[in-house]
Structures are given as C-alpha cells and as structure tokens.
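**Q** Let's see this in three dimensions:
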Amino acid sequence: MAIHDFSSQRLFVEHALVEGTEVVCQGNQANYLINVLRLREGDAVCIFNGRDGEWGAALSAVRKRDCRLTVRQQVRPQIEGPDVDYLFAPLKHARLDYMVQKATEMGVRRLRPVITRRTIAERVNLDRMASNAIEAAEQCGILHLPQIVAPIKLEAVLATWDAARTLVFCDESASAQSPQTPLAGLAKSAPVAVLIGPEGGFDPIERELLLRQTYTVPISLGPRIMRADTAAVAALAIVNAVHGGGW
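**A** Alright, predicted model coming up:
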C-alpha cells in the first residue's frame, strides 16, 4: 500500500472521478462532512471510489441537507493488491463487523460468506458488511473495496471452485508445524483464498471433502484455540507475509 497523508479526511464515493467534476454528497455523508467534521466551503478532503485512485477535492457548496465536492487532482493512482478471497462462516453482528473491517484492511479482493454444517449465524446483512468495509477503507488508506458475495453453502462453493485458485484453510487437526511451511510454494502472482470455519470447527465430512481437493492447503494456527475473528486476522497476516508482499 502506498504511503499517504494520514492527516487528510478520506471519503468513499460512488461517482466516477475526473478532474473538474462535481460530486454531490447527501444523507449520512453530507452530515459527516458538515456536522461531524464541520468542514466549510473551500476545505479539502480526499476521495476515492475503488476504481480511479485517490483524488484531492474541495467543498464547493454547502447546504443544510447536502454538499458538493469539486474534484481537483489525482494524488494516488489506483493500485490493486494480490487476488485474495476471504471465505468465512458468518458470525454474530459485532464480531462480524470486526472481521470485515480487518479483512478489508488486510487488502482482500472478495468477502465470501459460506454456510457450513456448524454455522450458527446463517443470516448475513450484506449492506452492513459493505458499510463496515467502506469505513475500514476510509480509515486505513487503501484504495479498493472488497467485493461482497452473497452467502452460499460450502459444498456448493467447492463444487464450482476454480482449481487455479489455491484454497488455504485453517485446519485445527493439521500438524502443528509453522504455517509458513505448507505455503512456501505459493506463487506471489497466483490467485489464492483463505477459508476460516465456524466456532465449532469444520464437520468431519467437510474436512474430508476439503482435504480431497487438489487445490487445498491446510495450515495450523498453533495449539491455542482462537475465536473465528482472531483466526481471520492471524491467517490473513500469514498469507500476506508469504504470498501477498505489499498489500
């Protein structure tokens, strides 16, 4: 990730970003700029849309219910990290919020909820996930947002899996060796995915199914029992170090 000015306020927008265009902010975004940050006409803000890089902009009109940003100049070109998917058994709200934020900060390309046999929270609020991803991206300085995919059963995911994408899954039954050892052969430019199971671990049938696939790589996160959101951070950090380089 490129170095950026952490003192600048950053805002995600949907609008295409081209020098001289105006972006209209309404609702929560307008309230945040006007009433929370108390910005006024002429004040500067950085904006990004996940496609066109990061741009400097200035408030050009402030009203009670909305405001306008005039796009000035690009300050960082769009940079994409490695092609990493993150698959996970859904968690309850607060812990899912945390996990989505941290996975976004880690630079994942896609967030893919999967329903396992031991999944407890099968309902997933995709809009809430998107809001948490946006907030994390605004705060940590990355330029892209992960694509958020609707939940699907694990068996269905594996039935349509692209074998060119290595699937790294955290296996509580794997031998307690360094997790970097089984990942040493990963090519840095190749697509990869990380899979974290539910709190109770994978069902034996699911584990057997995963181990039968030629594209899966089981890793151990050590002898301690981790919560699923903690395991997510640990696993993604390991894959980042071995495969991702500079996310």
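
**Q** residues in contact with the lengthiest strand in the chain?
**A** Here the longest strand in the chain is taken by residue count, with DSSP state E as the criterion, and it is strand 66-76. Identification of contacts with strand 66-76 by CB atoms under 8 Å, 6 or more residues apart in numbering yields 2, 4, 11, 13, 17-26, 30, 33-34, 45-47, 52-61, 143. Any C-beta I mention is one placed from the backbone N, CA and C, and that applies to glycine too.

**Q** do the same with stretch 27-38
**A** Here stretch 27-38 makes contact (CB under 8 Å, 6+ apart) with Q9, L11, V13, C25, L39, V45, L59, V62, R65, D66, C67.

**Q** Buried residues, it. List them.
**A** Of all the residues in stretch 27-38, those buried under the rule 16 or more other CB atoms under 10 Å are Q29, A30, L33, I34.

**Q** Show me how far it is from its chain's centre.
**A** Mean-position distance between stretch 27-38 and its chain equals 25 Å (CA atoms, centre = their mean, to the nearest Å).

**Q** And that stretch, end to end?
**A** 15 Å (CA to CA, to the nearest Å).

**Q** now swap in stretch 147-158 and tell me
**A** 19 Å.

**Q** For the helix ranked longest in the chain, which outside residues touch it?
**A** In the chain, taking DSSP state H as the definition, the longest helix is helix 126-140. With contact meaning CB under 8 Å, 6+ apart, helix 126-140 is reached by 10-12, 48, 50, 93, 96-97, 100-102, 104-105, 111, 143-146, 148, 150.

**Q** from the middle of its chain, how far away would it be?
**A** Computed by CA atoms, centre = their mean, the separation of helix 126-140 from the middle of its chain amounts to 8 Å.

**Q** Quick check: R123 vs V84, distance?
**A** According to CB to CB, to the nearest Å, R123 stands 25 Å off from V84.

**Q** about what we covered before: who does the longest strand of the chain pair with, and is each partner parallel or antiparallel?
**A** strand 22-26 (antiparallel), strand 54-62 (antiparallel) (DSSP bridges).

**Q** Tell me which of these sits most buried.
**A** Most buried of these, by mean neighbour count (mean count of other CB atoms under 10 Å): strand 54-62, with a mean of 19.

**Q** show me the contacts for P182.
**A** Residues near P182 by CB under 8 Å, 6+ apart: V217, P218, I219.

**Q** Just the buried ones from the residues you listed?
**A** Buried among the contacts of P182 by 16+ other CB under 10 Å: V217, P218, I219.

**Q** Tell me which helix or strand the second one sits in.
**A** Secondary structure from DSSP states H and E places P218 in strand 216-219.

**Q** on that earlier part again, need the contacts of P182 in TSV (columns: distance to L183).
**A** Listed next are these as TSV, based on distance: CB to CB, whole Å:
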residue	distance to L183
V217	7
P218	11
I219	7
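
**Q** out of those residues, who's nearest T181?
**A** Set against T181, the nearest of these by CB to CB is I219 (8.6 Å).
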